[in-house]
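Asks: how does the following fold in three dimensions:
(chains A and B)
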2 protein chains.
Amino acid sequence: MNLLENIRIVLVEPLYGGNIGSVCRAMNNNNITDLAIVNPRPTTDWGEARKLSCNAKAQLEARQEFQTLKEAVAGCTVVAGTSARTGFYRDTAYSPKEFAPIGLESAKDHKIALVFGREDKGLFNEELALCTHIIQIPSSELYTSLNLSHAVYLCCYEMFCAAGIFQPAEETAPESSSELRERMFSVWREMMIKTEFTHQQKLEHMMMGLRRIFSRGKLTVPDVKILMGLAKQSIWVAEQWEKEKKCNAQLQNNPESAE
Amino acid sequence: MNLLENIRIVLVEPLYGGNIGSVCRAMNNNNITDLAIVNPRPTTDWGEARKLSCNAKAQLEARQEFQTLKEAVAGCTVVAGTSARTGFYRDTAYSPKEFAPIGLESAKDHKIALVFGREDKGLFNEELALCTHIIQIPSSELYTSLNLSHAVYLCCYEMFCAAGIFQPAEETAPESSSELRERMFSVWREMMIKTEFTHQQKLEHMMMGLRRIFSRGKLTVPDVKILMGLAKQSIWVAEQWEKEKKCNAQLQNNPESAE
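Replies: Numbers count the residues shown, from 1 in each chain, chains lettered A, B, ... in the order given. Reported below is the predicted structural model:
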């Protein structure tokens, strides 16, 4: 069962169609699909809403509309209201990250609501009174007023992360064994000598530096093969150079053999 | 020193002025102020940018513009590119939450960059090649394409949270001591008897239920005082009722005393 299906996003009297559209996209980015709008304004620019919903137009069309917040959350157990201000019993606020596991726990068996107020005036006190939890989004003291769709996006994102569905992209190539790494280091050692990059006395010091550089992150098998191939090529070039030198030395000793 | 000042947000060839404005607001919501735009398009709607920047217009005006990404990040140590796709060495991606402490560590002494690609095409491979880290924002497999300002907002938010500046609103009223709570419970016990809500036999059972209800969250001193006052008032009403009953009974026994 997908817990995220039980999360209803409730927008109370939103002002801008563009924000409603962006909210739809943000919800779908996080597998959340239940949108309720309380008392939509007759002036709402639905064209702008569709434009900003991008590929979440079906989400926009599937919205439900209610006359009051009370009706929009009637079937919900946990009702979490968002607020930027403190005071009026907003003192015990949860961050979205703190709230997420609490909300998901209830969403196992019940519908829950996340409620967002008007762009200009937020939620009124009588609306906050319907809420069981208050969510306050961490933000700069200098500028606490968030864009509505940013606030919705963040709350959806935290619920999505807490649901533990997302699998981050991981390195698919196998990590190198010590044996393979040591073969690479021995080739690099040979390269440093043959290219005359370092003297025998400084060699071990240089090798420690290289080991440090290549140990800062995981080395995969393909990584090691690239590094080994590169060093082998330099060794080959150094050997060609050696041969040419010998050949030239011979020529200078016996100029007539050139003909 | 404010680490967040060392974070540069870099937008590469953004398409929409509205997104640039929303990005400015999202940055300021999280105390981040260094904005660079790479190769801004001549068609950018700067009016829309100003409108959506809301109270972050100064932020918009303070942006720097560069011809190439290479120039925009030249002075930065860590350069983190955001990508929704995997492949082309994107396999080892960090979530914004994982990246935040790594980025802040470098931001102690150096400028770092968070790089965001075009709305339609993201970052090109040669741009990702300039990045030391790849950030992938967790999102639904069904709809991975985020609004540009949402992506910037989320990364800024995670850096802001990791910087540990924000102090969540906390209950300022002191928590009730056991002694005060027990005084309240004894008043409630008296109320239940005097209002004839329960019989003496069921009283302890009811009290356990009440204790459970009032122990689900912290009770503050003002909370306990409200609950105690409410019960005292009911006791007072029950006592008035008792007096009236006695008075009436007396009247009925001696009707002439009423005159």
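Asks: could you pull out the helices for chain A?
Replies: A:17-29, A:46-53, A:57-61, A:69-72, A:96-107, A:125-128, A:148-163, A:178-194, A:200-213, A:221-253 (DSSP state H).
Asks: so which bits of the first one are buried?
Replies: Pointing back at helix A:17-29 there. Buried positions in helix A:17-29, judged by neighbour count with 16 or more other CB atoms under 10 Å in any protein chain shown: A:17-29. In this view, the C-beta of every residue, glycine as well, is placed from N, C-alpha and C.
Asks: count of neighbours near the closest residue to residue A:50 other than its chain neighbours?
Replies: Residue nearest to residue A:50 in three dimensions, not counting chain neighbours: residue A:57, with 5.8 Å by CB to CB, 6 or more residues apart in numbering or on different chains. Residue A:57 is flanked by 16 other residues according to other CB atoms under 10 Å in any protein chain shown.
Asks: confidence score at residue A:57?
Replies: Note on residue A:57: pLDDT of 94.
Asks: one more: residue A:2?
Replies: In this model, residue A:2 is scored at 81, pLDDT.
Asks: verify the stated contact: it with residue A:30.
Replies: No. Between residue A:2 and residue A:30 there is no contact under CB atoms under 8 Å: 11.7 Å.
Asks: for the two, indicate the residue with more neighbours.
Replies: Under the criterion of other CB under 10 Å, the comparison of residue A:2 against residue A:30 puts residue A:30 first, with 27 against 12.
Asks: list the buried ones in stretch A:205-225?
Replies: Under the neighbour-count criterion of 16+ other CB under 10 Å, stretch A:205-225 has A:207, A:214, A:219-220, A:223-224 buried.
Asks: closest to residue B:97 out of these?
Replies: Of all the buried residues of stretch A:205-225, residue A:220 has the smallest distance to residue B:97: 24.1 Å, by CB to CB.
Asks: which one is that closest one nearest to, not counting chain neighbours?
Replies: Per CB to CB, 6+ apart, closest to residue A:220 is residue A:173, 3.9 Å.
Asks: separation between the one you found and residue A:61?
Replies: Computed as CB to CB, to the nearest Å, the residue A:173 to residue A:61 distance reads 44 Å.
Asks: more crowded one of those two?
Replies: Using other CB under 10 Å as the criterion, residue A:173 and residue A:61 rank with residue A:173 on top: 13 against 10.
Asks: pLDDT score for that one?
Replies: 84.
Asks: thought it was touching residue A:221?
Replies: Yes. Here residue A:173 lies in contact with residue A:221, judged by CB under 8 Å, at a distance of 6.0 Å.
Asks: what about the stretch 151-259 of chain A, any weak spots by pLDDT?
Replies: Residue ranges of the stretch 151-259 of chain A with pLDDT under 70: A:168-169, A:256-259.
Asks: how about the residue in it positioned nearest to chain B, what does it touch?
Replies: Per CB to the nearest CB, residue A:166 is where the stretch 151-259 of chain A lies closest to chain B, at 4.0 Å. When contacts are counted by CB atoms under 8 Å, 6 or more residues apart in numbering or on different chains, residue A:166 touches A:160, B:138-139.
Asks: my read: residue A:77 touches residue A:103, true?
Replies: No. With contact defined as CB under 8 Å, residue A:77 does not count as touching residue A:103 (9.7 Å).
Asks: name the residue in those two with the higher neighbour count.
Replies: Per other CB under 10 Å, whichever of residue A:77 and residue A:103 has more neighbours is residue A:103, with 25 against 15.
Asks: tally of neighbours for the closest residue to residue A:101 other than its chain neighbours?
Replies: In space, and not counting its chain neighbours, residue A:101 is closest to residue A:162: 5.6 Å by CB to CB, 6+ apart. Residue A:162 has 19 neighbouring residues, counting by other CB under 10 Å.
Asks: residue A:162 contacts residue A:98, correct?
Replies: No. Counting by CB under 8 Å, residue A:162 sits too far from residue A:98 to count as a contact (10.1 Å).
Asks: pull the number of nearby residues for the nearest residue to residue A:2 once chain neighbours are set aside.
Replies: Leaving out its chain neighbours, the residue that sits closest to residue A:2 by CB to CB, 6+ apart is residue A:31, at 7.0 Å. When neighbours are defined as other CB under 10 Å, residue A:31 has 22 of them.
Asks: same thing with residue A:157?
Replies: Residues near residue A:157, counting by other CB under 10 Å, number 27.
Asks: and the closest residue to it other than its chain neighbours, what pLDDT?
Replies: Closest residue in space to residue A:157, ignoring its immediate chain neighbours: residue A:30 at 5.7 Å, by CB to CB, 6+ apart. At residue A:30, the predicted lDDT confidence score is 96.
Asks: OK, contacts around residue A:30?
Replies: By CB under 8 Å, 6+ apart, the neighbours of residue A:30 are A:4, A:153, A:156-157, A:159-160, B:139-140.
Asks: again, but for residue A:85
Replies: By CB under 8 Å, 6+ apart, the contact set of residue A:85 is A:122, A:144.
Asks: can you rerun that using 10 Å?
Replies: Residues near residue A:85 by CB atoms under 10 Å, 6 or more residues apart in numbering or on different chains: A:93, A:122-123, A:136, A:144-145, B:169.
Asks: distance of residue A:142 relative to residue A:43?
Replies: Residue A:142 is 31 Å from residue A:43, by CB to CB.
Asks: ugh, typo on my part, it should be residue A:124
Replies: Distance of residue A:124 to residue A:43, computed by CB to CB: 20 Å.
Asks: okay, these two: which has more neighbours?
Replies: Ranked by neighbour count (other CB under 10 Å), residue A:124 and residue A:43 place residue A:124 first, with 13 against 8.
Asks: got a pLDDT number for that one?
Replies: Per-residue confidence (pLDDT) for residue A:124: 93.
Asks: contacts only, for the residue nearest to it when sequence neighbours are not counted.
Replies: Excluding the flanking residues, the one nearest residue A:124 by CB to CB, 6+ apart is residue A:117, at 7.7 Å. By CB under 10 Å, 6+ apart, residue A:117 lies in contact with A:10-14, A:38, A:69, A:81-84, A:123-124, A:127-128, A:148, A:151.
Asks: now list the buried members of the residues you listed.
Replies: Neighbour counting by 16+ other CB under 10 Å classes A:10-14, A:38, A:69, A:81-84, A:123, A:127-128, A:148, A:151 among the contacts of residue A:117 as buried.
Asks: what's the most distant pair in the residues you listed?
Replies: Using CB to CB, the buried ones among the contacts of residue A:117 span at most 18.8 Å, a distance reached by A:38 and A:84.
Asks: from residue B:115, how far off is the residue nearest to residue A:157?
Replies: Distance of residue A:30 to residue B:115, computed by CB to CB: 23 Å.
Asks: now flag whichever of the contacts of residue A:30 is closest to residue B:181.
Replies: Nearest to residue B:181, judged by CB to CB, of those is residue A:159 at 34.3 Å.
Asks: would you check that that closest one makes contact with residue A:106?
Replies: No. Taking contacts as CB atoms under 10 Å, residue A:159 lies outside contact range of residue A:106: 11.6 Å.
Asks: before we move on, back to that, show me which of the contacts of residue A:30 are buried.
Replies: Taking 16+ other CB under 10 Å as the criterion, what is buried in the contacts of residue A:30 is A:4, A:153, A:156-157, A:159-160, B:139-140.
Asks: residues in contact with the residue nearest to residue A:206 when sequence neighbours are not counted?
Replies: Spatial nearest neighbour of residue A:206, chain neighbours left out: residue A:198 (5.1 Å); criterion: CB to CB, 6+ apart. Residues counted as contacts of residue A:198 (CB under 10 Å, 6+ apart) are A:189, A:192, A:204-207.
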